[in-house]
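# Next one to model:
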Amino acid sequence: MMLSACTSGPTGLFGNGGVGGPDATQATAPTPASRKVALLLPMSGANAFLGPALEKAARLGLDQQPGGPEIVVEDTRSTSAGAAEATRAAVAAGAGIIIGPLTAADTDAAAPIAQAAAIPMLALTSDVGEARPGVWVLGVTPEQQVARLVEGLRGSGQTRIGALLSQDAFGSAMADGLTTAAARAGLPPPRIERYGTGFSGINSGLRTVSDYAGRHPATDKGASAADAAAAPSPGLPIDALLLNATGTQLQEVISCLAFYDLQPDHIRILGPGLWGAFASKLKALPGAWFAAPDPSARTGYVQLYQARYHDSPRAITDIVYDAAALARSLSGDGYSAASLTREQGFAGVDGVFGLRPDGHVRRELAIFEIQPGGGAKVVQPAPGVLSNGS
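Now for the predicted structure:
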C-alpha cells in the first residue's frame, strides 16, 4: 500500500458532539459494520463515464491486503438528489466512512446527511466551500496551490504579493487562499484586484495593482511622453503577481504586463495549477510559477493500476485511490477523529496530505516553473512532510 499513516493529532471530528450524532472521539472498539466503506460514485447520468474508473481506483486502494473492509457502492446518478439518496443508503448499510461524492453540488446535498449520522466523508470535490467538520474536500484546491506558492516566495525573499483575479468563484477561492496564506506566513496583506468580463477590467486591475498612477504621475496628468520618461519612477509595490486567468483572458493579461512594468523579468508571475495543461504555450511567461502535484510521484500507482486493469488511470482517480488507501489503513479503529486528523497526515499518490478538523485538507505540492521555450519543470519538489502553512 502506497499511503501510510502517522501518529497523534487533534480530535473532535464532528465538532461539539456532531450534528445529530455522538462525539466521534467517544468511539470504542469498532463493530464489523463500522469498517464498511461506502463509495458514492456517478455510475449513471452525465458523469457516468467517470464512475467505473473511480470505482476501480477505490478497489485498488482497498484490496492491497486480504481481509480489507467491505465495499458498498452507491450510485449518485450524477445529481444532487441522487447523491443525497446514495448517502442515506450508505448510512442504512452501516458504512463507517464514505468516499465521494464527486462534485461540489453533490457534496452540498450529501454532507448534512453524513454529518447527522456522524460518518466521516471524504468528498472528491476541490471546492473548499464544501469543507466542514467531518466532511473533507480531497481535490487539489486553489487554497493549497496558493499556500505552496506563498511558501516558495517567502523562501526566495519575495514577500510583497499582488493579485489580479477574476470576479467569479475561482477568483474568490484564489483571493481567499492568498489572504489566508499571506497572514499565516506573516507577510504584508496582498494587493488584490478583481475584474469582470472584458479587457477594460483587466487593464484597470493591472493599472491599480502596479500603482501605475503613483509611479507615473506626469503621464496620468497628461504630460508629454518625453516628460513622463524623464520623470523619476518609484519601484513597483509588489514583487510577485498572482493570476488565475486562462485562455483568451490570459493572453489579454500578458499583452498588458510590459506596459505596467509587470513583465516576468521584473517580478515573479504566479498562476493556477491549470497552467500545467498548456504550459508548452506559455513561453511568454518564462520564470512563472504554478503549484501542482508532481506527476513523477504517481508512477507507482500508475503501474499498479495498469497491472490490474490493463489501462492508464485518469488523474482524478488519484484522490480516490488515496481516500481508499486511507480508509483501508484506518479500518481497524473505526475511523476515529484522532486517527483521521493526525498531525503528520498521510503519504498519498499526489503527495503528503493531512485532514484538518474543520474539513480543510493540508497538501504538499511541487512548484513548477515555466521555461523560456515553453513547458514547465519542477524547481521546488513537494516536501515529504506537512508544513504548518500547507
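# All the helices of the stretch 51-200 of the chain, residue numbers only.
With DSSP state H, counting those that start in this stretch as the definition, the stretch 51-200 of the chain shows helices at residue ranges 51-62, 80-92, 104-116, 142-155, 169-184, 199-209.
# where does the protein dip in pLDDT?
Low-confidence segments of the chain, defined by pLDDT under 70: 1-34, 64-66, 218-234, 388-390.
# got the contact list for the residue nearest the centre of it?
The centroid of the chain falls nearest to residue 141 when counting by C-alpha atoms, centre = their mean (1.6 Å). Neighbour list for residue 141: 126-128, 173, 177, 361, 363 [criterion: C-beta atoms under 8 Å, 6 or more residues apart in numbering]. Glycine gets a C-beta too; all of them are placed from N, C-alpha and C.
# Most neighbours among those residues, please name it.
Greatest neighbour count in these, by other C-beta atoms under 10 Å, goes to residue 363: 27 neighbours.
# Please report how far that residue lies from residue 306.
Residue 363 sits 25 Å away from residue 306, going by C-beta to C-beta, to the nearest Å.
# Please identify the buried residues of stretch 248-257?
For stretch 248-257, burial by neighbour count (16 or more other C-beta atoms under 10 Å) applies to 249-250, 252-254, 256-257.
# Tell me the one of the contacts of residue 141 nearest residue 274?
residue 126 (11.1 Å; C-beta to C-beta).
# Can you report phi and psi for the residue nearest to the closest one when sequence neighbours are not counted?
Of all residues not flanking residue 126 in the chain, residue 139 sits nearest, at 2.9 Å (C-beta to C-beta, 6 or more residues apart in numbering). Torsion angles at residue 139 (phi, psi; degrees, to the nearest 10) stand at phi -60, psi 160.
# how close does residue 139 sit to residue 99?
Distance, residue 139 to residue 99, by C-beta to C-beta: 13 Å.
# Tell me which of those two has more neighbours.
Per other C-beta under 10 Å, whichever of residue 139 and residue 99 has more neighbours is residue 99, with 30 against 21.
# list the contacts for the more buried one?
37-40, 58, 121-122, 124, 320, 323-324, 327.
# quick one: the nearest residue to residue 292 once chain neighbours are set aside from residue 68, how far?
Using C-beta to C-beta, 6+ apart and skipping the chain neighbours, the partner closest in space to residue 292 is residue 273 (3.8 Å). Residue 273 sits 32 Å away from residue 68, going by C-beta to C-beta.
# will you turn the buried residues of stretch 248-257 into a markdown table that also has secondary structure and distance to residue 195?
Putting these into a markdown table (DSSP: H, G, I helix; E, B strand; the rest coil; distance: C-beta to C-beta, whole Å) gives the following:
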| residue | secondary structure | distance to residue 195 |
| --- | --- | --- |
| 249 | helix | 9 |
| 250 | helix | 12 |
| 252 | helix | 10 |
| 253 | helix | 9 |
| 254 | helix | 14 |
| 256 | helix | 11 |
| 257 | helix | 14 |
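# quick one: which of these is nearest to residue 283?
Closest to residue 283 out of the buried residues of stretch 248-257 is residue 254 (10.5 Å), distances taken as C-beta to C-beta.
# looking at it, the closest one is touching residue 284, isn't it?
Yes. Counting by C-beta atoms under 8 Å, residue 254 touches residue 284, with 5.1 Å between them.
# shared neighbours of those two, anything?
Counting by C-beta under 8 Å, 6+ apart, nothing touches both residue 254 and residue 284.
# which residues sit in contact with residue 345?
Per C-beta under 8 Å, 6+ apart, neighbours of residue 345: 6, 352-355, 362, 386.
# Kindly present those as TSV, with separate columns for secondary structure.
Below are the contacts of residue 345 laid out as TSV (DSSP: H, G, I helix; E, B strand; the rest coil):
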residue	secondary structure
6	coil
352	strand
353	strand
354	strand
355	strand
362	strand
386	coil
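# Could you turn the buried ones of the residues you listed into a ChimeraX selection?
Of the contacts of residue 345, the buried ones can be selected in ChimeraX as follows, counting by 16+ other C-beta under 10 Å:
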select :6,352,353,354,355,362,386
